[in-house]
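Asker: sequence and predicted model, in that order:
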Amino acid sequence: MTVELAGAFWVLPLVVVLLAVSAALILLRLLRGPTGADRVVAIDALTLLGVAIIATVSLLTAQAVFLDVAVVLALASFLGTVGFTLLFRRAEEDEAEQGR
Amino acid sequence: MNGSWMPWLASALVLFGALFSLLGAIGVMRLPDCYSRMHAASKAGVLGAVLILAGVAAASSGEVALEAILALLVLLATAPLAAHAVSRAAHRAGFKPVLGPLGDALAERQKQKDQV
């Protein structure tokens, strides 16, 4: 694919830096996050950021194939987040059984 | 075929997408509890990714618009579902929200259901 961006020589590096700072902030929350729910939220945000980063990589390399990767990563992000949701419920049931 | 404004539109979309991603990340870092963090991640974060994908569609001058818009639609369809599922499961698992002036509507509703 041909990429036409106005001012590409400074827009793309700036975008990469902004996305890297975002990833660092979310990783900090993932490591710090006091509860499990915070960590799941951070993982969800990190995969969304991954979709944005892959779209940027497809601009940097002018390869359209990366967009397919973005679609699959978005779907996998959804499934992974819902899977973590099921883990919450199991933890709740374990607590209920211990209470009995 | 395309006017000379298409590259400018693409640059603006990609830049705003990165800015919104940063905004969402700052929200995930700084907001007080997991519900408001989910709010920042699922609204600002998704808007950032969607704007960048729209920027890719514009930068290729419509060449890969179909794939980019497919990714965009998948994001728009699944991210609210995931956010809703996580917040509801977190509430059921007993994670307490930091309450604002409006209170905890879901807990009140469940209390009403238990009484009936």
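Answerer: It's in. Computed from a prediction, not measured in an experiment: that's the story for all the values here.
Asker: the helices in chain B, which residues?
Answerer: For chain B, the helices defined by DSSP state H cover B:6-30, B:34-40, B:46-59, B:65-92, B:105-115.
Asker: how about the longest one and chain A, touching?
Answerer: Yes - contact between helix B:65-92 and chain A, assessed by C-beta under 8 Å from any C-beta of the partner chain, occurs at B:67-68, B:70-71, B:74-75, B:78-79, B:81-83, B:85-86, B:89-90, B:92. Yep, even glycine has a C-beta here, placed from its N, CA and C like the rest.
Asker: lowest average confidence, helix or strand, in chain B?
Answerer: helix B:105-115 (a mean of 83; mean pLDDT, DSSP states H and E).
Asker: list of residues touching that one?
Answerer: B:88, B:91 (C-beta atoms under 8 Å, 6 or more residues apart in numbering or on different chains).
Asker: what residue ranges in chain B score low on pLDDT?
Answerer: B:1-3 (pLDDT under 70).
Asker: mean pLDDT per helix and strand in chain A: which one sits at the bottom?
Answerer: Lowest by mean pLDDT, DSSP H and E among the helices and strands of chain A is helix A:65-99, with a mean of 82.
Asker: right, and residue B:35 touches residue B:86 too?
Answerer: No - counting by C-beta atoms under 8 Å, residue B:86 is not a contact partner of residue B:35; they are 9.3 Å apart.
Asker: give me the more crowded residue out of the two.
Answerer: Set residue B:35 next to residue B:86 and count neighbours by other C-beta atoms under 10 Å in any protein chain shown: residue B:86 wins out with 25 against 20.
Asker: tell me the contacts of that one?
Answerer: When contacts are counted by C-beta under 8 Å, 6+ apart, residue B:86 touches A:37, A:40, A:41, A:44, A:81, A:84, A:85, B:38.
Asker: mind redoing it with 10 Å?
Answerer: Residues near residue B:86 by C-beta atoms under 10 Å, 6 or more residues apart in numbering or on different chains: A:37, A:40-41, A:43-44, A:81-82, A:84-85, A:88, B:34-35, B:38, B:41-42.
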